[in-house]
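Participant: Build me a model:
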Amino acid sequence: QVQLVESGGGLVQAGGSLRLSCAYSGRTFSNYFMGWFRQAPGKEREFVAAITSGDTTKYSDSVKGRFTVSRDNAKNTVALQMNTLKPEDTAVYYCARKRTINIATMAIPREYDYWGQGTQVTVSS
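Facilitator: Next up, the predicted model:
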């Protein structure tokens, strides 16, 4: 049984930083691509960042240069370091496991088969 549990969300002022973590339990973590998505009220879930099993990363244009995704295969965790946060970053953030190793589809939510429960990030202006 695969489980993903996010932590690290909270309230921060604009310009501040937060670090999200996602703990993975289940089959071999190191083999899977992992992604971060977010969903703001009234909006669709959107891609934030992803990392392959070989540590190749991909970011949405809106977070590129501010966010960094990383993984620790020894601890079965994936992290999202978020710097220079903006009010428009406010959302529930989810980590997810990708079902395939196709790099071209890393930004597509339906390509992910397991999701965490989400953690709220609120950025005040």
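Participant: which residue is nearest the middle of this structure?
Facilitator: What sits nearest the mean C-alpha location of the chain, by CA atoms, centre = their mean, is residue 36, with 2.0 Å.
Participant: what about that one, helix or strand, and which?
Facilitator: Here residue 36 sits within strand 34-39, counting by DSSP states H and E.
Participant: and if you look at residue 58?
Facilitator: Element membership for residue 58 (DSSP H and E) is strand 57-59.
Participant: which other helices and strands contact the strand holding residue 36?
Facilitator: Here strand 34-39 touches strand 18-25, strand 46-51, strand 67-72, strand 77-82, strand 91-98, going by 3 or more CB pairs under 8 Å, 6 or more residues apart in numbering; DSSP states H and E. Just so you know, the C-beta spots here come from the backbone N, C-alpha and C atoms, and that holds for glycine as well.
Participant: Which residues outside it are in contact with it?
Facilitator: The contact list for strand 34-39, computed with CB atoms under 8 Å, 6 or more residues apart in numbering, reads 20, 22, 24, 45-51, 69, 71, 78, 80, 89, 91-98, 106-107, 109, 112, 118, 121.
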